[in-house]
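K.L.:
what's the 3D shape of this:
(one chain, ligands or ions: 2)
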Amino acid sequence: MKNIAALQALLSSPKSIAIVMHQRPDADALGSGLALAALLKQQQHQVRVIAPSVYPAYLSWMVGAAEITIYAHGRHEQVAAVLNHAEIIFCVDFPTLDRIDEMAPMVAQTTATKVVIDHHPTADSFGDLVFHNTQAAATAELLYEMIIALGLQSSIDAAMADCLYAGLMTDTGSFKHPNTTAQTHRVAAQLMAHGADVAQVNRQVYGSKALNSLKFLGFALCHRLVVYEAYHTAYFVIKAEDYEQYQLQTGDTEGLVDYALSVQGIVFAAIIKETKEGIRISLRSVGDVPVNIWAQEHFGGGGHKNAAGGISYLSLEETIVQFEDLVKAKQEILNPHL
Ligand code: 5GP
Ligand code: MN
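P.N.:
Ligands and ions are numbered 1, 2, ... in the order given. Okay, the predicted model is just below:
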């Protein structure tokens, strides 16, 4: 594996290490970051994990989650101190620094060696040591391969295996999206051999929902779903008042967009969501519908070909119009039979 000898050399003596994941971290970012942290701590490194913003409550079981420093929780100075003190900064599950928002210049200006571990398509990777593989279904898959290449497989314990398995499971939609490969299954099998409790991880991630969030799902399906059969498109519009009414927490709309995509004949799905930061857009697609390019072109975002996101700073109404214009402009891609 390219760069692995350089990483091995870098880690050959105890170092002060910061691990940074992307904002609004998901199970892959969090699981990879925390598994890496646990591994490096075992190797006598001093490790701090930083998240730009809060992680969903259904991931709080992950080993070390409670010790994460969350920048958005007023920890600006603490984060700056950790980053400036670090000799190595691992950047996990993101290809470009804009994914860590306000923390981007803070990481960029440090003298630490930046090690990127990521699987998102990107034109330009940053970092001094880059481990980048878009064929990996999840960063967790790539990280597992790196751990093997470093010769540290015997250090993987059940808690780490659970974290990595959660990343693999969620980024593949439970091993059903086209990013799932034979290697993904091999890594999943290996993680089970290391003690990953598949049933327990599933239960924690998919089977521990707040009742309100399930009632919200019913409401959203009945009242917030728009289906454009002619364009093979379906999308949810989630208003700020819906958040209040159903007391939604971070992560409570996770997976909602998949219901839109599961409607018969639909190849393009979205959530258009009113948040404090702006109108958040989540895009999903089936087949040759490149939503990462659309997210980049129209919503300043990016992601994978079939799963991407971005943000709009227009009003909710204007954003919906912008989205509908996009759908109309892409009509030929959405309906190749026209
Ligand atoms: P989600 O819709 O679950 O929030 O995000 C799906 C995927 O889109 C993520 O895994 C990530 O790769 C990408 N993504 C989401 N939001 C953004 C964003 O604001 N910027 C970029 N570059 N990618 C995003
Ligand atoms: Mn990922």
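
K.L.:
what's G33 sitting at in phi/psi?
P.N.:
Taking degrees, to the nearest 10, you get phi -60, psi -40 for the backbone angles of G33.

K.L.:
please begin residue numbering at 37 from this point
P.N.:
All right, first residue 37 from here; so that's G69.

K.L.:
and it, how many neighbours?
P.N.:
G69: 33 surrounding residues under other C-beta atoms under 10 Å. For the C-beta atoms, the positions are set from N, CA and C on the backbone; glycine is no exception.

K.L.:
ditto for Y180
P.N.:
29.

K.L.:
Skipping adjacent residues, who's closest to it in space?
P.N.:
V223 (4.9 Å; C-beta to C-beta, 6 or more residues apart in numbering).

K.L.:
dump the residue contacts of the one you found.
P.N.:
176-177, 180-181, 200, 204 (C-beta atoms under 8 Å, 6 or more residues apart in numbering).

K.L.:
Out of those residues, give me the one that has the most neighbours.
P.N.:
Counting by other C-beta under 10 Å, top hit in the contacts of V223: A176 with 35 neighbours.

K.L.:
could you list every residue that touches that residue?
P.N.:
Contacts of A176 (C-beta under 8 Å, 6+ apart): 64, 67-68, 71, 199-204, 207, 223.

K.L.:
ok, which of those residues also contact ligand 2?
P.N.:
For ligand 2, the contacts drawn from those by C-beta under 5 Å from the ion are 64, 207.

K.L.:
Nearest to ligand 2 among the contacts of A176?
P.N.:
Set against ligand 2, the nearest of the contacts of A176 by C-beta to the ion is D64 (3.4 Å).

K.L.:
Now do the same for the closest one: helix, strand or coil?
P.N.:
helix (DSSP: H, G, I helix; E, B strand; the rest coil).

K.L.:
What sits closest to it if chain neighbours are left out?
P.N.:
G203 (3.7 Å).

K.L.:
Distance check, that neighbour against ligand 1.
P.N.:
From G203 over to ligand 1 the distance is 11 Å, taken as C-beta to the nearest ligand atom, to the nearest Å.

K.L.:
how close does that residue sit to H168?
P.N.:
16 Å (C-beta to C-beta, to the nearest Å).

K.L.:
Check I136 too.
P.N.:
Distance from I136 to H168, by C-beta to C-beta: 17 Å.

K.L.:
Give me the more crowded residue out of the two.
P.N.:
Taking other C-beta under 10 Å, I136 and H168 do not tie; I136 has more neighbours (23 against 19).

K.L.:
Backbone dihedrals for the closest residue to K51 other than its chain neighbours, please?
P.N.:
Spatial nearest neighbour of K51, excluding adjacent residues (C-beta to C-beta, 6+ apart): E123 at 4.7 Å. Its backbone dihedrals place E123 at phi -90, psi -30, with angles given as degrees, to the nearest 10.

K.L.:
re the thing from before, contacts only, for the residue nearest to D64.
P.N.:
Counted by C-beta under 8 Å, 6+ apart, G203 has contacts 63-68, 174-177.

K.L.:
And it, which helix or strand is it part of?
P.N.:
helix 194-207 (DSSP states H and E).

K.L.:
so the residue of the stretch 187-336 of the chain found nearest ligand 1, which of the three states?
P.N.:
At 3.1 Å from ligand 1, S318 is the closest residue in the stretch 187-336 of the chain, using C-beta to the nearest ligand atom. Here S318 is recorded as strand under three-state DSSP.

K.L.:
beta partners of it?
P.N.:
Assessed by DSSP bridges, S318 has beta-bridge partners I307, G345.

K.L.:
that older thread, in terms of pLDDT, where does the residue nearest to D64 sit?
P.N.:
Note on G203: pLDDT of 98.

K.L.:
Skip the chain neighbours and tell me the closest residue to F359.
P.N.:
I308 (6.0 Å).

K.L.:
and that neighbour, how many residues sit next to it?
P.N.:
23.

K.L.:
need the contact list for M139.
P.N.:
56, 86, 88, 107, 115, 119.

K.L.:
Enumerate every residue touching the fourth one.
P.N.:
Read it as Y107. 86-89, 115, 138-139.

K.L.:
any chance of those in JSON lines, plus distance to ligand 2?
P.N.:
Converted to JSON lines, the contacts of Y107 look like this (distance: C-beta to the ion, whole Å):
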{"residue": "I86", "distance to ligand 2": "17"}
{"residue": "A87", "distance to ligand 2": "14"}
{"residue": "P88", "distance to ligand 2": "15"}
{"residue": "S89", "distance to ligand 2": "16"}
{"residue": "V115", "distance to ligand 2": "22"}
{"residue": "E138", "distance to ligand 2": "21"}
{"residue": "M139", "distance to ligand 2": "18"}
